[in-house]
Structures are given as C-alpha cells and as structure tokens.
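Enquirer: Pasting a predicted model and its sequence here:
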Amino acid sequence: RGGALVVIGEDYGEGASIIQERSHAFAMKSQIWLLDPRPNLPTIVRMVEKGFELSEASNTPVMLELRIRA
C-alpha cells in the first residue's frame, strides 16, 4: 500500500498567470487529481495527508500545488 504525491511549487507574481494555466491544464489532460490548498500550514498539512489517501484509494498520483503568492 502507498500513494504518490507530486508537489509543485509556483510563484504567481506579476504577469505569471500562464504558469497557473499550464499546471491546471496539465493536471486535466493527464487526468491527475490536483489539490490547491490555501496557503497556511495547517491546511497544507491536512491536504498532504488527504492527497496520499486519495492516491491510495484511486491508484493514481495526486498533484499538490503550493503557491508563494496568490
């Protein structure tokens, strides 16, 4: 038993909306779950746990997106 969690770090600064669109589009085209938690530590910790649970239940990798700026 086990799961796979792919962590993506992005910096949404000025004029960086193309990066967000690429990550979301990649997840949709790849049919991979994408978790985009609020940028606070308790929520991120909870989403890491839920991401592994979701990966184990679905037998697919899950992407976790962490943003520096929103």
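Expert: Now that the structure is in, tell me what you want to look at.
Enquirer: residues contacting Pro23?
Expert: Quick fix: residue 23 reads Ser, not Pro. For Ser23, the contact set (Cβ atoms under 8 Å, 6 or more residues apart in numbering) comprises Ile8, Glu10, Leu34, Met63, Glu65. Bear in mind the C-beta positions are built from the backbone N, C-alpha and C, glycine included.
Enquirer: Point out the least confident one among those residues.
Expert: Sorting the contacts of Ser23 by pLDDT puts Glu10 at the bottom of the list (75).
Enquirer: Quick one: residues contacting the residue nearest to Gly9 when sequence neighbours are not counted.
Expert: Of all residues not flanking Gly9 in the chain, Leu66 sits nearest, at 5.0 Å (Cβ to Cβ, 6 or more residues apart in numbering). Under the criterion of Cβ under 8 Å, 6+ apart, the contact partners of Leu66 comprise Val7, Ile8, Gly9, Glu10, Pro37, Pro39, Ile44.
Enquirer: remind me which residues of this structure are low pLDDT?
Expert: For the chain, applying pLDDT under 70 flags the ranges 11-21, 69-70.
Enquirer: any idea which element the most centrally placed residue in it lies in?
Expert: Among the residues of the chain, the one closest to the centroid is Leu64, at 2.0 Å (Cα atoms, centre = their mean). When secondary structure is defined using DSSP states H and E, the element that contains Leu64 is strand 62-67.
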